[in-house]
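In: Below are the sequence and a predicted model for it; my questions follow.
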Amino acid sequence: MSAVIQKSNPMVGRDPYSIPLEEFDVAQADLFESNSFWPFFERLRDEAPVHYCKSSEHGPYWSVTKYKDIMTVEGDADTYSSAQGISLLTRAVDNLKTSSFIRMDEPDHGMQRKTVQGVVAPTNLALLEPLIRSRVGDILDSLPIGETFNWVERVSIELTTQMLATLFDFPFEERHKLTFWSDVATSTPGPEGLVGSDEEREAVMLECLAAFTEIWNERVNEPPKNDLISMLAHGEATRNMKPMEFLGNLILLIIGGNDTTRNSLSGGVLALNQNPKEYQKLRDNPELIPKLVPEIIRWQTPLTHMMRVATKDTELAGQKISKGDKVVMWYVSGNRDEDMITRANEFIIDRDKPRQHLSFGFGIHRCMGNRLAEMQIRIAWEEIQSRFSMVEVVGEPVRNHSTFIKGFAELPVKLRRR
């Protein structure tokens, strides 16, 4: 049976203030693809910050939309477990019965995370910086001046895919498979998606597993090296993983290494074009780039949400949550919560506290590669500003059809030489 499910209550094109709150279902890919979700979350923050959706294509779930409430959930791993999935978009991986350390509670989570954390340790980041800068320069120098091209394909995808290939020590000439696997894993199956059904998505994920199993078999018989597969193959907590656990960790590491950087690189270009005074600030003072980077990541919020499952009956912001309920932390909403972030609905590249955002999560599951993502985006903008007076958006962006990854398939731009 195909897993393409028709939504009984589509939200796109409707006034969120004309819909009864009990009919709200914000977990719809169409809302994110059309970029029309903002007022729905604004109403939830104001009127129902912890909101129950009783029926959706993902089943019933709670939406947590305020910054402090999200922090409460993130900070209480005993009450809100990751073991049953970390996203509403879990049907395909659930069918394959995958696992990964982000879908574990302590102590297993910490032991497996520690195995691969060295790849983004400060000493390794320092070694990676000149390589990243060289690659960014090569990519930017290959771009046409004054001609329209797709920034997502030529810059954002290319840079992050090269970095992923390095972290995995994956065959460089086949690196675009990594992007494809990431996109399939995070897209919503259907006519608009990369795959038409969950069955197709499962087949693609098994291709990913087969390719990496070959690499694993090579690395496990070699001395340990400083790449992710070697670390997993030789790590005490991971070397005996079963195939579906290996696949789960692969998907986690590929998505984690791809989507934050890729979509922030594109989202930053769009945000600066939509806020020309901020772009002028950057031209006048490139030293603002270290503050620009976290503001881009907040503004874009590449992962819309993370999910937990309640381990017991509990209460959050006055709402009674039952054991087994899905609890969805909408980072994309918390990052626009004006009770916690001053002028949260404005893009400001010289904020006093630019890292006060939820895009990397919080607590034990905080994004492992956050410093690597920030470094890549910082270097990219340093090199962009040294070459071009403007990256000009010249057409409408094409956004992802996904409730999980908030990003872009196309962003048409032209470059102006400095």
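Out: Done, it's in. Numbering: from 1, shown residues only.
In: Tally up the residues packed near residue 319, please.
Out: Residues contacting residue 319 under the criterion other CB atoms under 10 Å number 15. For the C-beta atoms, the positions are set from N, CA and C on the backbone; glycine is no exception.
In: And residue 63, by the same measure?
Out: Residue 63: 24 surrounding residues under other CB under 10 Å.
In: for this structure, which spans come out with low pLDDT?
Out: Scanning the chain for pLDDT under 70 picks out 1-9, 89-121, 124, 188, 192-193, 257, 363-369.
In: Look up phi and psi at the most centrally placed residue in it.
Out: Compute the mean C-alpha point of the chain, and by CA atoms, centre = their mean the closest residue is residue 303, 3.5 Å away. The phi and psi values for residue 303, taken as degrees, to the nearest 10, are phi -100, psi 120.
In: Not counting sequence-adjacent ones, nearest residue to residue 381?
Out: Leaving out its chain neighbours, the residue that sits closest to residue 381 by CB to CB, 6 or more residues apart in numbering is residue 289, at 5.0 Å.
In: hang on, the one you found in a strand?
Out: No: counting by DSSP: H, G, I helix; E, B strand; the rest coil, residue 289 is not part of a strand but helix.
In: That one: neighbouring residues, count only.
Out: For residue 289, using other CB under 10 Å, the count is 18.
In: still on that earlier bit, and the residue nearest to the centre of the chain, how far is that from residue 333?
Out: Distance of residue 303 to residue 333, given as CB to CB, to the nearest Å: 12 Å.
In: Just list whatever residues bridge to residue 405.
Out: Residues in a beta bridge with residue 405, per DSSP bridges, are residue 303.
In: Give me the phi and psi for residue 286.
Out: Dihedral pair for residue 286: phi -60, psi -20, per degrees, to the nearest 10.
In: Which element is encountered next along the chain beyond the top helix by length along the chain?
Out: Secondary structure of the chain per DSSP state H: the longest helix is helix 243-274. Next helix or strand after helix 243-274 toward the C-terminus (DSSP states H and E): helix 276-284.
In: Other residues contacting that following helix?
Out: When contacts are defined by CB atoms under 8 Å, 6 or more residues apart in numbering, helix 276-284 is touched by residues 271-273, 288-289, 292, 347-350, 381, 385, 389-390.
In: Quick check: buried residues in it?
Out: By neighbour count on 16 or more other CB atoms under 10 Å, the buried set for helix 276-284 is 278-279, 281-282.
In: Make CSV out of these and add distance to residue 28.
Out: Below are the buried residues of helix 276-284 laid out as CSV (distance: CB to CB, whole Å):
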residue, distance to residue 28
278, 31
279, 32
281, 36
282, 35
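In: and of those residues, the nearest to residue 212?
Out: When the buried residues of helix 276-284 are compared for distance to residue 212 (CB to CB), residue 282 wins out at 39.4 Å.
In: residue boundaries of the strands in the stretch 251-400 of the chain?
Out: In the stretch 251-400 of the chain, the strands defined using DSSP state E, counting those that start in this stretch lie at 305-310, 314-316, 319-321, 326-330, 388-393, 398-399.
In: Determine which stretch of the ones you listed is the most buried.
Out: Comparing those by mean neighbour count (mean count of other CB atoms under 10 Å), strand 326-330 ranks first with a mean of 25.
In: Just want the angle from that strand to strand 305-310.
Out: 150 degrees (axes from the mean of the first three to the mean of the last three CA atoms, to 10 degrees).
In: Which elements pack onto strand 326-330?
Out: Secondary-structure packing of strand 326-330 (3 or more CB pairs under 8 Å, 6 or more residues apart in numbering; DSSP states H and E): strand 61-64, helix 67-74, strand 305-310.
In: Paired strands for the first one, with orientation please.
Out: When you say that, I think you mean strand 61-64. Partners of strand 61-64 in the sheet, by DSSP bridges, are strand 50-53 (antiparallel), strand 326-330 (parallel).
In: what does the last one give?
Out: On the basis of DSSP bridges, the sheet neighbours of strand 305-310 come out as strand 80-81 (antiparallel), strand 326-330 (antiparallel).
In: And the contacts of it?
Out: Outside strand 305-310, the residues within contact range by CB under 8 Å, 6+ apart are 27, 61, 73-74, 79-88, 90, 321-332, 361, 365, 403-404.
In: now the first one
Out: In this structure, residues lying in contact with strand 61-64 by CB under 8 Å, 6+ apart are 24, 26-27, 44, 49-53, 70, 73, 88, 307, 316-317, 319, 321, 325-330, 333.
In: Run the chain-centre distance for that strand.
Out: Put simply, strand 61-64 sits 19 Å off its chain's centre (CA atoms, centre = their mean, to the nearest Å).
In: Using PDB, write down the CA coordinates of it.
Out: Extracted as PDB, the C-alpha positions of strand 61-64 are listed here (Å, rounded to 0.1, in the frame of the first residue of the first chain):
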ATOM      1  CA  TYR A  61       0.700  15.400  18.200                       C
ATOM      2  CA  TRP A  62       1.300  18.400  20.500                       C
ATOM      3  CA  SER A  63       2.900  21.600  19.000                       C
ATOM      4  CA  VAL A  64       5.200  23.500  21.300                       C
END
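In: And the helices in the stretch 101-250 of the chain?
Out: Using DSSP state H, counting those that start in this stretch, the helices assigned to the stretch 101-250 of the chain run over residues 108-117, 122-141, 151, 158-168, 176-186, 198-219, 228-234, 243-274.
In: what's the neighbour count on the closest residue to residue 13 other than its chain neighbours?
Out: Residue nearest to residue 13 in three dimensions, not counting chain neighbours: residue 36, with 7.6 Å by CB to CB, 6+ apart. Applying other CB under 10 Å, we find 16 other residues in the vicinity of residue 36.
In: got it, and residue 350?
Out: Neighbour number of residue 350 under other CB under 10 Å is 14.
In: and the gap between residue 166 and residue 146?
Out: 32 Å.
In: That should have said residue 268, apologies.
Out: 21 Å.
In: So between those two, which is more surrounded?
Out: For residue 268 versus residue 146, neighbours defined as other CB under 10 Å are more numerous around residue 268 (26 against 9).
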